[in-house]
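In: Using only what follows, build the 3D model:
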Amino acid sequence: MITRNIKYINKDFSEYRASLIDYTKTYYPTTYNDFSPASPGMMFIEMAAYVGDVLSFYLDNQIQENYLQFARQSNNLFELAYMFGYKPNVTGVAVVDIDFYQQVPAISSGGSFVPDFNYTLYIGPNSTVSSATNISFLINDPIDFSVSSSNDPTDITVYQVIGNNPSSFLLKKTRKAISAGINSINFSFTSPEKFPTVEISANKLIGILDCTDTEGNNWYEVDYLGQEMIYDSIKNTNTNDPNLSQYSGDTPYLLKLKKVQHRFTTRLKNSNTLQIQFGAGTVADSDEVIIPNPDNVGIGLPFEQDKLTTAYSPSNFLYTKTYGIAPSNTTLTFRYLTGGGVSSNVDSNTLTKLNGNVNFLNPNISNSTLGNSIFNSLAVTNPNAASGGGDGDSIEEIRQNSSVNFAAQQRNVTQDDYLVRSLSMPAKYGEVAKAYIEPTKLQSVFPGESLGILDLYILTYDINKKLIQASHGLKQNLVTYLSQYRMINDAINIKDAFIINIGVNFDIVVLPNYNSNQVLIKCISSLQNYFNINNWQINQPIILREIYTLLDHVEGVQTVKSIDISNFAGTTLGYSQYAYDISGATRNNVIYPSIDPMIFEVKYPDADIQGRVVSL
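Out: Here you go, the predicted model:
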């Protein structure tokens, strides 16, 4: 057999053509020597070069499409994103605050007139508000005008006055809404099969809202079929939890972990198709809480079970419900959300049509005429324009977000992970207003106790958005919330941070030809914005130089003569019980916080920030 010298580095048409000509000249010099463009032999050589070029192109392309950083086809990017645990967004939803208003009559109570909450309305969850152009916005949480708390305040103003007394009040609630409409689709299932899939095709798919079957069972969306535990919320009432119901003011809902068998996962195959997959179990199978069940290890092995050295496949456990049950002999109704896009960035005061279940909390309205008037007084609007609507993830955003998601893996690894996760707990379970985390101080560690303990200090708001210590109910919800993200060897102590209330007194010199009162009001307003509690975190120092600079930049201020920070303490006066040595904590014009985590708060800005105009 003659050994042929074959080149394997050719990649395009011209290189293949040149190599084939050289090959023919080398090994068939007398058989064929007409290499003119019009010769029949060149036709076959160029056809072979053409085929080689096409095959080389597709081979390179397929290899390239296997790598997240190089893939260009959207369907491959979607598959690679899911491999990294990231669910791409095919639409960008707009977000806006919706104001809800209703009137209630006034009644006399204790010598003054107050709202009659017997006429308050209740708007059910998953209501929508739409514009004249039929762009819908969804409100997930229900609206109860009779309830007012720190995370869901009800604003009350006098609406109408007859004589010298109010005859009616106006109640106002505010909710976050996203640009989404609710759609539904049914899927029927007969005999059970392992891991069945169905698909929803629609434009601007956001995700699944809920799913129920004909027997009334709820089906839950999970990140992966092996996930048995989900978060579930229940109303914080005495019936549901007698111990925590006393904290319903700042924790209206209790967060629980619930084990579910009826579950499914979703994945976007492309920008218009959502695939839904179910588990492999049936209702007759045994249910396992822990994966795997040691009684089932080795099932399916062809030889003697050796539990010391054998590598087991997860298929050993497919017959249990650890991957969820497959629907059979039933019909599933999915409600899913669509919307978003640039067109959802609607202008202010355009969302005025409410679509939802509205009724009186009190079913026994004595005055039906007044009741109809109150019912018809319900109004909605968006005081600000909606923003955030877009076209979803671009190709580059899918690449970057997938890489970030793979690195995070939805686990709390660093201290900052716990901090951000605590602040992200939904407000209906209690609002963590401020959080700070640090390793437990050495002097607080008992003998034999691990040094890997973290102390998480938190504070919450009262109904007037003043800092207070978190209730036991809020802390219990936070424990449950963090439990699914906590590393197995991490221990977290949830503690109260200290609140130090302060006041500010300052003296300024005003430039000639400026109104002293107006300049003073501007200075006070600037300091109120500076000490707004939204701008302050636990263990943040007060830098006096920043305050001097802030006042110096107020129009009309010639110079700042002095700034004095004082401490207010005493619960009888409405302040925190903790006193603080301001002068002792001041070094080089910086007021430092204490060793124990604390936060500075100007509790009553209108009274606790005072200034004077003095002369040079």
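In: neighbours around Ile276, how many?
Out: 21 (other Cβ atoms under 10 Å). All C-beta atoms are positioned from the backbone trio N, CA, C, and that covers glycine.
In: just checking, next helix/strand downstream of whichever helix or strand it is part of?
Out: Using DSSP states H and E, Ile276 sits in strand 273-278. Next along the chain after strand 273-278, taking DSSP H and E as the criterion, comes strand 330-338.
In: tell me what that following strand is packed against?
Out: strand 181-189, strand 205-213 (3 or more Cβ pairs under 8 Å, 6 or more residues apart in numbering; DSSP states H and E).
In: May I have the strands that pair with the last one, each with its orientation?
Out: Strands adjacent to strand 205-213 in the sheet, as given by DSSP bridges, are strand 218-221 (antiparallel), strand 330-338 (antiparallel).
In: how distant is the shortest one from the center of its chain?
Out: Translated: strand 218-221. Mean-position distance between strand 218-221 and its chain equals 19 Å (Cα atoms, centre = their mean, to the nearest Å).
In: Wasn't Asn61 part of a helix?
Out: Yes. Read with DSSP: H, G, I helix; E, B strand; the rest coil, Asn61 is one of the residues of a helix.
In: since we're on it, how many residues are nearby?
Out: So Asn61, with other Cβ under 10 Å, has 13 neighbours.
In: lowest average confidence, helix or strand, in the chain?
Out: helix 395-408 (a mean of 78; mean pLDDT, DSSP states H and E).
In: gap between the very next helix or strand once past it and the chain center?
Out: For helix 395-408, the following helix or strand on the C-terminal side (DSSP H and E) is helix 415-423. Distance of helix 415-423 from its chain centroid, counting by Cα atoms, centre = their mean, is 13 Å.
In: list the buried ones in whatever helix or strand comes next after helix 415-423?
Out: Using DSSP H and E, the helix or strand that follows helix 415-423 in sequence is strand 434-439. Residues of strand 434-439 classed as buried: 434-437 (neighbour count, 16 or more other Cβ atoms under 10 Å).
In: can you pull the contacts of Ile591?
Out: By Cβ atoms under 8 Å, 6 or more residues apart in numbering, the contact set of Ile591 is 541-542, 544, 565, 582, 585, 600.
In: Equivalent analysis for Ser148, please.
Out: Here Ser148 is in contact with 154, 463 (Cβ under 8 Å, 6+ apart).
In: That one should be in a strand, yeah?
Out: No. Membership of Ser148 in a strand is not supported by three-state DSSP, which gives coil.
In: Over to it: give its phi and psi.
Out: The phi and psi values for Ser148, taken as degrees, to the nearest 10, are phi -140, psi 130.
In: Is the residue nearest to Asp144 when sequence neighbours are not counted bridged to anything, and to what?
Out: The shortest distance from Asp144 to any non-neighbouring residue, by Cβ to Cβ, 6 or more residues apart in numbering, is to Tyr122 (5.5 Å). When assigned by DSSP bridges, Tyr122 has beta-bridge partners Asp144, Asn359.
In: Tally up the residues packed near Tyr122, please.
Out: Neighbours of Tyr122 (other Cβ under 10 Å): 16.
In: and it, what does it touch?
Out: So Tyr122 contacts 142-146, 358-361 (Cβ under 8 Å, 6+ apart).
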